[in-house]
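Colleague: Prediction below, plus the sequence it came from.
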Amino acid sequence: MTNDYLESVRKQLEYYKLLGDKTFAQLADEHLFWQYNPDSNSIATIVKHLWGNMLSRWTDFLTSDGEKEWRNRDAEFENDITTRQEMLEKWNAGWDCLLKAIKALHPDDLDKIIYIRNQGHTVMEAINRQLAHYPYHVGQIVFLGKMLAPNSWVSLTIPKGNSQNYNADKFAQPKQKAHFTDEILNSGKE
């Protein structure tokens, strides 16, 4: 079961990265930096926060506190990324750090204790904590993307009004053992 857990986590994380990637691809550069008001975050700022969190949490994951001394969390919310390329570099660097750390884990690591801000977590608890945190922010990115590209938005999941056709197609096929996330990653539909 623990091998399945780590594989499932990896697939779920890859899915949420894919949702972000597909959102960015649908937006003009200026949409990435738009803020509703001074208290809200642009897509680029959300990416910057995810990048900072991922690097801090997943660098030396098993051996050092997840809140690194070099992290400046407050600076993550400064809207100072100016190009798509800079934003994508941060996005990819954060996800690369995270996914490498997940892929390096073994089932016997899951019960080990690691620390985040000096608070002990099992490795599984720490993974679950981030598996809730990252989709929360990716959901914000997708929500902003849908608002900023309303007339040209291509659904990342089953488009509105298409559930019946999608389900009919799925139920017309033989039962499959594939994990839900395999289907999503391969089809881009939820």
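Modeller: Here it is on my side, so go on. Residues are numbered from 1 along each chain as shown.

Colleague: tell me the pLDDT at Asn151?
Modeller: Looking at Asn151, its pLDDT stands at 86.

Colleague: Kindly apply the preceding question to Thr181 instead.
Modeller: For Thr181, the model assigns a pLDDT of 54.

Colleague: do the same with the one 5 residues further on
Modeller: Reported pLDDT at Asn186 in the predicted model: 57.

Colleague: Would it be right to say that Gly139 lies in a helix?
Modeller: Yes - counting by DSSP: H, G, I helix; E, B strand; the rest coil, Gly139 is located in a helix.

Colleague: Would you list the phi and psi of the residue in the chain sticking out farthest from the centre?
Modeller: Distance from the centre of the chain peaks at Ala172, with 31.9 Å (C-alpha atoms, centre = their mean). Main-chain torsions, Ala172, degrees, to the nearest 10: phi -80, psi -10.

Colleague: what's it in contact with, if anything?
Modeller: Residues near Ala172 by C-beta atoms under 8 Å, 6 or more residues apart in numbering: none. Using the backbone N, CA and C atoms, a C-beta is placed for each residue, glycine as well.

Colleague: Please apply the same query to Arg117.
Modeller: Asp65, Gly66, Glu67.

Colleague: Now for those, which sits with the most neighbours around it?
Modeller: Gly66 (22 neighbours; other C-beta atoms under 10 Å).

Colleague: surely that residue meets Ile113?
Modeller: No - under the criterion of C-beta atoms under 8 Å, Gly66 makes no contact with Ile113, lying 11.9 Å away.

Colleague: In the chain, where is pLDDT below threshold?
Modeller: Along the chain, the model assigns pLDDT under 70 to residues 1-3, 178-190.

Colleague: Would you mind giving the domain segments of it?
Modeller: Domains of the chain are assigned by automatic domain parsing as 2-153, 157-190.

Colleague: Who are the packing partners of the helix or strand where Asn92 lies?
Modeller: Assigned by DSSP states H and E, Asn92 belongs to helix 84-104. Helix 84-104 sits against helix 2-25, helix 43-58, with contacts defined as 3 or more C-beta pairs under 8 Å, 6 or more residues apart in numbering; DSSP states H and E.
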